[in-house]
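Novice: Coordinates for the following, if possible.
(one chain, ligands or ions: 2)
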Amino acid sequence: MQNSSQLRQVLRTARRALSPSLQRLHARRLARHLGKHPFFLRARRLALYWPADGEIDPRPVLDRPHARAKHVYLPVLNPLGRSKSLWFARYRPDGPLRFNRFGIPEPHQCGRQLIPIRHLDLIILPLVGFDAHGNRLGMGGGFYDRTLAYRRRYTHWQRPRLVGVAHECQRVEHIEAKPWDIRLDMILTEAGCYLP
Ligand SMILES: Nc1nc2c(c(=O)[nH]1)N(C=O)[C@@H](CNc1ccc(C(=O)N[C@@H](CCC(=O)O)C(=O)O)cc1)CN2
Ligand SMILES: Nc1ncnc2c1ncn2[C@@H]1O[C@H](COP(=O)(O)OP(=O)(O)OP(=O)(O)O)[C@@H](O)[C@H]1O
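Specialist: Numbering: from 1, shown residues only. Ligands and ions are numbered 1, 2, ... in the order given. Reported below is the predicted structural model:
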């Protein structure tokens, strides 16, 4: 029986092993699914992430015809204290990025434009693992869970919509739900969509 940190290692190794051509194929297919979905079509402000560690690349969705009118944000590590939560900063293709302490590029601190999370319409978040019922496993830092914890108190709020994305090879039979997990509205892979 595997515990979550062993499962995390196995799934991270699997996604890192995907060839560059499979990575590109999955990213294109993901963009096609996501680019047609009303969550995306209706979103004016959306957050995605800069891929690392073999994660599926969500950025090709920005090439969709509808994307030009949207404001795009990336997660940045909250620099205050040890809260292990995220802020979201405006992403501009020509704007400066800087590596955070995990080696993931984020918009540069100086002059960056932050947005309160409730003003986002859609957050596309990376999964390490998931099951067909919508349970998820992240990197294990609890960053997204902590950042979104306020949603428990506002169950009727639909914003931001939360879409978890991953490669199909990261799907497992069962992932145990934790009390602090925030429900996703949908999970998307290159193969299609899973609803909770
Ligand atoms: N692309 C991307 N950006 C993201 C996330 C993510 O999962 N993917 N995050 C989602 O939370 C946040 C960063 N969270 C992270 C949490 C752990 C590790 C990580 O590599 N941990 C190492 C241990 C590193 C250390 O402690 O120095 C490891 O587990 O090997 C990376 C990012 C914000 N940005
Ligand atoms: N709302 C919260 N408040 C305080 N601690 C939290 C909260 N949510 C999660 N945590 C803590 O974060 C740690 C990591 O949680 P978990 O293993 O579920 O991470 P994860 O969901 O895989 O990662 P992530 O949310 O970064 O994608 C746990 O020890 C958990 O106690």
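
Novice: Against which helices or strands is whichever strand in the chain runs longest packed?
Specialist: Under DSSP state E, the strand in the chain containing the largest number of residues is strand 71-77. Packing partners of strand 71-77 (3 or more Cβ pairs under 8 Å, 6 or more residues apart in numbering; DSSP states H and E): strand 45-47, strand 86-90, strand 105-107, strand 114-115. C-betas here are computed from N, CA, C, even on glycine.

Novice: mind redoing it with 10 Å?
Specialist: Judged by 3 or more Cβ pairs under 10 Å, 6 or more residues apart in numbering; DSSP states H and E, strand 71-77 is in contact with strand 45-47, strand 86-90, strand 105-107, strand 114-115, strand 122-126, helix 143-148.

Novice: Enumerate the residues of this protein near ligand 1.
Specialist: Contact residues (Cβ under 6 Å from any ligand atom) of the chain with ligand 1: 49-52, 55, 75, 86, 102, 104, 126, 138-139, 141, 143-144.

Novice: Just the buried subset of these, please.
Specialist: 49, 50, 51, 55, 75, 86, 104, 126, 138, 139, 143, 144 (16 or more other Cβ atoms under 10 Å).

Novice: Columns pLDDT and distance to ligand 2 on top of the residues you listed, output as CSV?
Specialist: Below are these laid out as CSV (pLDDT from 0 to 100; distance: Cβ to the nearest ligand atom, whole Å):
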residue, pLDDT, distance to ligand 2
49, 98, 11
50, 98, 15
51, 98, 15
55, 98, 12
75, 97, 10
86, 96, 9
104, 97, 12
126, 98, 8
138, 97, 2
139, 97, 5
143, 96, 4
144, 96, 4
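
Novice: where exactly do the helices run in the protein?
Specialist: With DSSP state H as the criterion, the chain has helices at 4-16, 20-36, 38-42, 143-148.

Novice: The second one: which residues count as buried?
Specialist: Looking back up the chat, that one is helix 20-36. Across helix 20-36, burial judged by 16+ other Cβ under 10 Å covers 23, 26, 27, 29, 30, 31, 33, 34, 35.

Novice: Would you mind naming what in the protein lies close to ligand 2?
Specialist: Near ligand 2, when you scan the chain using Cβ under 6 Å from any ligand atom, you find 137-146, 149, 178, 180.

Novice: one more time with 5 Å, if that's ok
Specialist: Where proximity means Cβ under 5 Å from any ligand atom, the interface of the chain facing ligand 2 comprises 138, 139, 140, 141, 142, 143, 144, 145, 146, 149, 178, 180.

Novice: Grab the nearest non-local neighbour of residue 140.
Specialist: Spatial nearest neighbour of residue 140, chain neighbours left out: residue 8 (5.9 Å); criterion: Cβ to Cβ, 6 or more residues apart in numbering.

Novice: check contacts around the one you found.
Specialist: Applying Cβ atoms under 10 Å, 6 or more residues apart in numbering, we find residue 8 in contact with 2, 128, 129, 137, 138, 139, 140.

Novice: Double-check the third one against residue 138; I have them as touching.
Specialist: Just to be clear, that refers to residue 129. Yes: with contacts counted by Cβ atoms under 10 Å, residue 129 reaches residue 138, the gap being 8.7 Å.
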